[in-house]
Structure formats: C-alpha cells, structure tokens
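need coordinates for the following:
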Amino acid sequence: MCVSACHTNRYHGSIGQATKHGVIIKSGEALEKMGKVNTIAFDKTGTLTYGRLEVSDIISFDKNISESELLSLTASAEAKSEHPLGKAIVAHAKEKGIVLKDSDSFQMQSGKGICAEVSSRKLYLGNEKYILQSGMTIPKNVENELEKLRIQGKASVIVADSGSCLGIIALSDVLRPEAATMAAKLSEMNTDTVLLTGDNQKTADYFATQAGITKVKADLLPEEKVQSISEIQGQGNSVCMIGDGVNDAPALKTADVGVAMGSMGSDIAVEAADIALMSDDVSKIPYLKRLSNATVATIKLSITLSMCINFIAVTCSVLGILNPTTGALVHNAGSCFVVLIAALLYDRKFE
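So this is what the prediction gives:
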C-alpha cells in the first residue's frame, strides 16, 4: 500500500510547483517523460524568436511596378493566409494606408507558399522551392538578393506571376534575449538542443548561432519536422518538441513530450501539447527540465523506500515482532513518509 500511496501522490507537489511558475502540465505522465528527455527540439518563429515579423525590405524587379504597388499586390494576395509571414505583410500594408484588393482562387501549400488572383493577375508567393515547382525560373539577380537577405537572417517571400519574378518582400524577426542562456543551461544538464525550421539553411544557421544551438535542420515542411523527430527517436533518444504554430501540432504529437507556447501559440498547438508555457518565456524550459528530473529522482527514491519498509514489515510480521495493529501503524507511517517526500517538491527552488 505504501507503493500505491507513492504513485497517487508523486506528481501533486511538482505539478503545483510548476503551475505557480506559469507552466501548465496536463498529466503526471508528461512530467515523468520530461524527466527522461535528453534532446529538445525547437521551432524558430514564435518560439526562439518573438514571432513579431516586420517587413524590412521591399524589392521590385519590374520597372513598371513600384514598391508600393508590389506591397499592394502581395498583401491583397496574402489577405486570406494564416501564415505569420502573410499576416505580417498584410499588417504592414494596412499601416501604410494601402487598400487591399479582392483576391480570387486562393490556394495554399503548407510550408511553401500561396497562389491567388488579384486584379486578373495570377500571383505566386512563397519560397524558392514553391516558385520553381510552379514552373518559373529564378534569375541570377533575384538569387543574389535572396542570398544577401539570408545572410542578414531575414525571411523572404518571392512574388511572381506566370511570366517572371516581380519582386521580394523580406521580413525580419528578433531572437528572444533569454534564448542563449536557456540553451547554455540545457547543455549543462547534458540535454541536446536542435532547431527544426521551415526557414532556409542560412537564416536558420544565423539564429541558431545566436542562440547557441549547434544542430540545425532547415527547409523543413511540417511532415518533415515529424520525420526528423522520428529519426532522432530512432537513435535511442527521448525527444521534447517546443513550438507554437498550427504547423507544429503534428511534431508536438510525435515527440515524447510536446510543449506549446500557450500565450501566442495556436489553439491546435496547445491542444496537441502535453505542457503549455503560459507566459511564452523559454527561460522556463531549464526550470521545467530540472523539476522533471527531480520528480523522477523522487519517484525512484519513494518507491525504493516504500518497498524497503514493506519488506521489513513483512519480515517482522513473520518473526512475530509486528502484530496486526503495529503492522497497520507501520503501513500508515510509511505512506505518510512517502507523501511528505513528494510534498517537498512543492516549494523547492529550481532556478
């Protein structure tokens, strides 16, 4: 029965402790799995960065289309998009007082780009893969501009029609200042960190270097993030995935533990995750890892002690040292002891 008490009460102190710090843990099982995690994978936009993308560059390659006109066409096409890049472009256009035009035939390919018809012109907006897949070529001068923007860590949306590349809209994001310290603390706990992102390799490397993350997998579609996590698990690792967007939900489900950015994350991502960070503060990740490690250690200690108490009690009963009354007292004392050990986690400091 002492073992039963241990299993019943082992998570209460830890989950209560985490809640006080704005970390919502949905189950004791998730907390226990987090204690066994040795690799943590991060999404970039909205997780390692603020996700507040802002238009930084508007580059037109068509002499007949001004920067303002290019922004108008792009924002009108992106008006129905749910992607952070599309939303940021639309918001920037509205700030500039640009009236959006109606768009037709809107189609989206997750992780690649969109196609829409604006003012009887069919537009293709997305990354290089999407533009090439749509049957267009990317001229050398466009490739050179894209390379410059990548080196600066900016995300680029290529704007093209059925004939040529019209221009590029570039957006910049800001790394969370606590990201580098967080990665360093995880490294001290012998926990590997990996960046999984749909951004191009150079942009991913730029932010990974700033955050102190050495393993990077870029140019990933949502299903490729899932595949990457499965590959890491296949190498004998226990993986935690941290993300915030709709595209991250499959990866959150595939990982051993999914952690969602609860404040700005999508409802789908929060629903798919086992744990939610209500303050979107990634500096809580090392705290969560320490708490989970301590919980697993406490579980092992409590089970060992309860088994020892039960063994000694049974032995004493066989030898006639304990009678039913004293045996019941020993049992209850053992249960209380196990509960007290679990309760120590509630106010313990893990910073």
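
going by neighbour count, list what's buried in the host helix or strand of residue 89.
Using DSSP states H and E, residue 89 sits within helix 84-95. Using 16 or more other C-beta atoms under 10 Å as the test for burial, helix 84-95 gives 84, 85, 86, 88, 89, 90, 92, 93. In short, each C-beta sits where N, CA and C put it, glycine included.

nearest to residue 66, of these?
residue 93 (13.5 Å; C-beta to C-beta).

dump the residue contacts of that closest one.
Contacts for residue 93 were tallied using C-beta atoms under 8 Å, 6 or more residues apart in numbering; they are 71, 72, 74, 75, 100.

for the residue most central in space within the chain, name its beta-bridge partners.
Nearest to the geometric centre of the chain sits residue 243, at 1.7 Å (C-alpha atoms, centre = their mean). Note on residue 243: beta-bridge partners residue 260, judged by DSSP bridges.

confidence score at it?
The score at residue 243 is 87. That number is its pLDDT.

do the same with the one 10 residues further on
Model confidence at residue 253, expressed as pLDDT, equals 91.

distance of it from residue 25?
Look at residue 253 and residue 25: by C-beta to C-beta, to the nearest Å, they are 17 Å apart.

try residue 318
42 Å.

TSV for the contacts of residue 93, including neighbour count, distance to residue 113 and pLDDT?
What follows is the contacts of residue 93, written out as TSV (neighbours: other C-beta atoms under 10 Å; distance: C-beta to C-beta, whole Å; pLDDT from 0 to 100):
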residue	neighbour count	distance to residue 113	pLDDT
71	23	17	94
72	20	18	94
74	27	12	93
75	27	15	94
100	16	19	91
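
what's the lowest-pLDDT member of the buried residues of helix 84-95?
Within those, lowest confidence goes to residue 84 (80).

show me what contacts that residue?
45, 46, 51, 53, 245.

for the fourth one, which non-adjacent residue is spatially closest?
By the measure of C-beta to C-beta, 6 or more residues apart in numbering, the closest residue to residue 53 outside its immediate chain neighbours is residue 88, 3.9 Å from it.

can you give me the offset of the helix ranked longest in the chain from its chain's centre?
Taking DSSP state H as the criterion, the chain has its longest helix at helix 284-318. Once both centres are worked out by C-alpha atoms, centre = their mean, to the nearest Å, helix 284-318 turns out to sit 31 Å from its chain's centre.

one step back: residue 318 and residue 25: who's more crowded?
Each of residue 318 and residue 25 has its neighbours counted (other C-beta atoms under 10 Å); residue 25 has more, 25 against 9.

point to the helix or strand of this protein where mean pLDDT is at its lowest.
helix 2-9 (a mean of 46; mean pLDDT, DSSP states H and E).

circling back to that earlier point, would you confirm that the residue nearest to the centre of the chain contacts residue 260?
Yes. Shown here, residue 243 and residue 260 form a contact pair, counting by C-beta atoms under 8 Å, at 6.7 Å.

average pLDDT for the longest helix of the chain?
77.

now do the buried residues in that helix.
So for helix 284-318, counting by 16+ other C-beta under 10 Å, buried means 284-296, 298-299, 302-303, 305-306, 309-310, 313.

tell me which of the contacts of residue 93 fall in helices.
Short answer: the contacts of residue 93 in helices (DSSP H) are 71, 72, 74, 75.

just the closest of these to residue 277, please.
Closest to residue 277, out of all of the ones in helices among the contacts of residue 93 and judged by C-beta to C-beta, is residue 75, at 31.6 Å.

look up how far residue 86 lies from the closest one.
9 Å.

what's the answer for residue 181, then?
Counting by C-beta to C-beta - residue 181 and residue 86 are separated by 32 Å.

just to revisit the earlier point, farthest-separated two in the buried residues of helix 84-95?
84 and 93 (15.2 Å).

residue ranges of the helices in the protein, please?
Using DSSP H, helices in the chain cover 2-9, 12-20, 28-36, 67-78, 84-95, 128-133, 140-151, 179-188, 201-211, 222-234, 249-254, 267-272, 284-318, 324-343.

which of these sits closest to residue 119?
Of these, nearest to residue 119 by C-beta to C-beta is helix 67-78, at 7.6 Å.

what does the closest one contact?
Under C-beta under 8 Å, 6+ apart, the answer for helix 67-78 is 55, 58-60, 62, 65, 85-87, 89-90, 92-94, 96, 98-103, 106, 114, 116, 118-119, 121, 123, 125, 157, 159, 166-167, 169.

please repeat the previous calculation with a cut-off of 6 Å.
Applying C-beta atoms under 6 Å, 6 or more residues apart in numbering, the contact partners of helix 67-78 are 58, 60, 86, 89-90, 93, 98, 100-101, 103, 116, 118, 123, 125, 159, 167, 169.

with distance to residue 195 as extra columns, can I get the helices of the chain in TSV?
TSV is the format used below for these (distance: least, C-beta to C-beta, whole Å):
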stretch	distance to residue 195
helix 2-9	37
helix 12-20	25
helix 28-36	20
helix 67-78	26
helix 84-95	17
helix 128-133	19
helix 140-151	15
helix 179-188	10
helix 201-211	5
helix 222-234	10
helix 249-254	13
helix 267-272	17
helix 284-318	14
helix 324-343	36
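
which among these is found nearest to residue 194?
The nearest among the helices of the chain, by C-beta to C-beta, is helix 222-234 at 7.1 Å.
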